[in-house]
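> From the sequence below, what's the structure:
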Amino acid sequence: MTLKILTALAAVIVVGCAAPVARETSMDWPAFIASVPGTVIGGDEYKTPMLKRSVHGANTPGLEQTKASFDIWCRAGGGKTSNMPPLQSTGVAQSFYAAASAWANQDLVSYGERYSSTSQFCFDAQQQLTTVMMVRIYGGNRNHPYEPHKLPAPVIAFYTPEQAVQFADFYNAKEKERAEASHRNLQQRLDRAASETRRLRVEPKIGDKTNQGIIIDLKSPLALIQYDPMQRQIFGKPQQEWVPISSLVAPH
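The predicted structure is shown next:
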């Protein structure tokens, strides 16, 4: 009798465990997206029409469960998930991962907006990318107080491989343009500083700014520098000091 009861219980447990897997396996990609808790939203910047505003806030168990559900869905279909592509990968996943980081960098540099994101990739048995789910969290503006209770819930974006390519191409190209413009700007500032340094050493004037402070007096070959607060605080400079005019350097 005892053996029969144990056998029956084992069968119930097996059936109970198998049910969720069967349900997940039956879901195609659109069905999985529909199952994720959230409100459908629009936003061309994500380069996919499949977007949801999560019902769960950042750093909550609910949001972690949403991430876990993607792993369950992927594995149920015979796939394998990863939060980042293999280091040696040069495919769509690697390009997408780089683009997500570039996008966050662009928002921070250009607008002072802080974002973080988690990208989850689903690969099939042949290591081919099948889907991507990205959770993007807004962390507020760097110039404003951090008030997490006032921030919007994370956005969850869903990608097919084709949509992932569009996202990656857009933000990687944008980052290349930003980096090139930044380099040009830096070079221009360095050129201006070099020109101004030459002028300072040949024709210094009271009131001229240097990279350490302001010229407040001149007695060739020396200039009296009033050091700025940072020089005094960090480097222990005095309030003012006579230095050789030949050592003056213009600020960048």
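
> can I assume residue 141 is in contact with residue 112?
Yes - using CB atoms under 8 Å as the test, residue 141 is close enough to residue 112 to be in contact (5.0 Å). (C-beta placed from N, C-alpha, C; glycine too.)

> in this protein, which spans are helices?
Counting by DSSP state H, the chain has helices at residues 2-25, 29-35, 61-76, 92-111, 161-202, 229-235.

> most tightly surrounded among these?
Most buried of the helices of the chain, by mean neighbour count (mean count of other CB atoms under 10 Å): helix 92-111, with a mean of 18.

> Show me what that one is packed up against.
Contact here means 3 or more CB pairs under 8 Å, 6 or more residues apart in numbering; DSSP states H and E; on that basis helix 92-111 packs against strand 113-123, strand 129-141, helix 161-202.

> ok, and for the first one, which residues are buried?
By 16 or more other CB atoms under 10 Å, the buried positions in strand 113-123 come out as 113, 114, 115, 117, 118, 119, 120, 121, 122, 123.

> so the fifth one sits right up against residue 82, yeah?
No - under the criterion of CB under 8 Å, residue 118 lies out of contact with residue 82, with a separation of 11.5 Å.

> The helices and strands packed on helix 92-111: which one's closest to residue 57?
When the helices and strands packed on helix 92-111 are compared by CB to CB, strand 129-141 sits nearest residue 57, at 9.1 Å.

> That closest one pairs with which strands?
Strand pairing for strand 129-141, using DSSP bridges, gives strand 113-123 (antiparallel), strand 155-159 (antiparallel).

> Let me see the mean pLDDT of the first one.
Strand 113-123 comes out with an average pLDDT of 95.

> then it to CSV, C-alphas only?
Output of strand 113-123 as CSV, limited to C-alpha atoms (Å, rounded to 0.1, in the frame of the first residue of the first chain):
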residue,chain,number,x,y,z
GLU,A,113,20.7,61.6,-18.3
ARG,A,114,21.7,58.5,-16.4
TYR,A,115,20.5,55.1,-17.8
SER,A,116,21.5,51.5,-17.2
SER,A,117,20.4,48.5,-19.1
THR,A,118,20.4,44.7,-18.9
SER,A,119,20.4,42.8,-22.2
GLN,A,120,19.4,39.1,-22.2
PHE,A,121,20.2,37.1,-25.3
CYS,A,122,18.6,33.8,-26.4
PHE,A,123,20.8,31.5,-28.5
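
> Show me the contact partners of that strand.
For strand 113-123, the external contacting residues (CB atoms under 8 Å, 6 or more residues apart in numbering) are 67, 70-71, 73-74, 77, 79-85, 93, 96-97, 100, 103-104, 107-108, 129-142.

> measure the residue most central in space within the chain to residue 138 for me?
Centroid-nearest residue in the chain: residue 104, 3.5 Å away (criterion: CA atoms, centre = their mean). As defined by CB to CB, to the nearest Å, residue 104 lies at a distance of 10 Å from residue 138.
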